[in-house]
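Engineer: Quick one: sequence plus predicted model below, questions after.
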Amino acid sequence: MATIVRNLTSSKAEEREWALRCDMAAVFRIGARLGWNEHIGNHNSLMLPDEAEPTFLINPRGYLFQELRASDLIVCNLDGQVLRGKGELRKVAFHIHCRIHLANPKATCVVHVHPRWLTALSMIEGAEFSLSHHNSLLLNDRTVYDGDGDQPVHTNDEGDRIARLMGDKTIMVMRGHGVTVVGPTVHDAFDETYMAERTTMYQMTAMQTGLPLHKLPDNLRRHHTGAWGEKLDARLHLDAWRRVLDREEPDYAT
């Protein structure tokens, strides 16, 4: 953007938007470090508060996660029109993110990435999270598996199908594709993505031994469908990463 949002005025709404931009930019930089993004694809979006019409922040087409700054993010409406910022909205991002935001007002933040372990799991016929790690006691009831996603998301019809399938779940493992995670805040969606990918890494590593996986008792499942951060330190986790970025990549917050 030609002028950084926080320099426009000192209004609370713009200050709030700037804080959200910095959180989003941090998640892009963290995702790059963790290898979540593929090429210049993948996208994370966030519905903005205090707007006259429903609008969301998202990364513009053509940027690597590791180069994105808070001021690079564009503001779009749910028709996919760019209202503020430079750049264009990627077509597949429109069909995934807009349709989920429209169908589920609780999905304030949508993270769509192709991390190594979750993407590998999506390629295995019938594979799901096993109930073998303590994290799965919380994750498993929050996850849906898209068994019909054999084509790229290039239409609203396909985006609507995904949104319907997501329902009230927060994680969708998309067959042969990647993962979409939603949450009420940036830190909720980020931390749940992080924990899902980490837990899948443990499961896939254990599967490589060829030995049977231990199954935890079903009665220990947490059955929590609320915000991820109600059970884990999601905000503290993102804040810790931001301290690292403040030291090593401070331009993310410009």
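Structural biologist: In hand now; what should we look at?
Engineer: Doesn't residue 44 belong to a helix?
Structural biologist: No. Counting by DSSP: H, G, I helix; E, B strand; the rest coil, residue 44 is not found in a helix; it is strand.
Engineer: check contacts around the closest residue to it other than its chain neighbours.
Structural biologist: In space, and not counting its chain neighbours, residue 44 is closest to residue 111: 4.9 Å by Cβ to Cβ, 6 or more residues apart in numbering. The way it works is simple: take the backbone N, C-alpha and C, and place the C-beta from them, glycine included. Taking Cβ atoms under 8 Å, 6 or more residues apart in numbering as the criterion, residue 111 is in contact with 27, 44, 180, 181, 182, 183, 189, 190, 193.
Engineer: So in terms of bridging, what pairs with residue 182?
Structural biologist: On the basis of DSSP bridges, residue 182 is bridged to residue 110.
Engineer: Wait, residue 98 touches residue 80, no?
Structural biologist: Yes. The pair residue 98 and residue 80 passes the contact test of Cβ atoms under 8 Å, sitting 6.2 Å apart.
Engineer: out of the two, which sits in the busier spot?
Structural biologist: residue 98 (24 against 17; other Cβ atoms under 10 Å).
Engineer: show me the contacts for the more buried one.
Structural biologist: Neighbours of residue 98 in contact, by Cβ under 8 Å, 6+ apart: 56, 78, 79, 80, 159.
Engineer: backbone phi and psi for the third one, please?
Structural biologist: In terms of degrees, to the nearest 10, the main-chain angles of residue 79 are phi -90, psi 0.
Engineer: Give me the nearest residue to it, chain neighbours excluded.
Structural biologist: residue 98 (7.8 Å).
Engineer: in a helix, that's where the one you found is, yeah?
Structural biologist: Yes. According to three-state DSSP, residue 98 belongs to a helix.
Engineer: that older thread, go through the contacts of residue 98 and flag which are in strands.
Structural biologist: Judged by DSSP state E, the subset of the contacts of residue 98 located in strands is residue 56.
Engineer: can you redo the contacts of residue 98 as JSON lines with pLDDT and distance to residue 253?
Structural biologist: Output for these, formatted as JSON lines (pLDDT from 0 to 100; distance: Cβ to Cβ, whole Å):
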{"residue": "56", "pLDDT": "95", "distance to residue 253": "20"}
{"residue": "78", "pLDDT": "92", "distance to residue 253": "27"}
{"residue": "79", "pLDDT": "91", "distance to residue 253": "30"}
{"residue": "80", "pLDDT": "90", "distance to residue 253": "27"}
{"residue": "159", "pLDDT": "92", "distance to residue 253": "31"}
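Engineer: So which of the contacts of residue 98 is surrounded by the most neighbours?
Structural biologist: Among the contacts of residue 98, the one with the most neighbours (other Cβ under 10 Å) is residue 56, at 23 neighbours.
Engineer: Please look at that one and residue 43 and confirm they touch.
Structural biologist: No. Counting by Cβ under 8 Å, residue 56 stays clear of residue 43, with 10.7 Å between them.
Engineer: ok, which stretches of the protein are strands?
Structural biologist: 43-47, 55-58, 74-77, 82-84, 109-113, 143-146, 171-174, 178-183.
Engineer: ok, now how distant is the residue nearest to residue 79 from residue 159?
Structural biologist: Separation of residue 98 from residue 159 (Cβ to Cβ, to the nearest Å): 7 Å.
Engineer: now, among the contacts of residue 98, which is nearest to residue 244?
Structural biologist: residue 56 (26.7 Å; Cβ to Cβ).
Engineer: Is that closest one bridged to anything, and to what?
Structural biologist: residue 47, residue 76.
Engineer: how about it, what does it touch?
Structural biologist: So residue 56 contacts 45, 46, 47, 48, 75, 76, 78, 97, 98, 101 (Cβ under 8 Å, 6+ apart).
Engineer: ok, residue 199 touching residue 131?
Structural biologist: No. In this structure residue 199 lies outside contact range of residue 131 using Cβ under 8 Å: 10.9 Å.
Engineer: out of these two, which sits in the busier spot?
Structural biologist: residue 199 (22 against 18).
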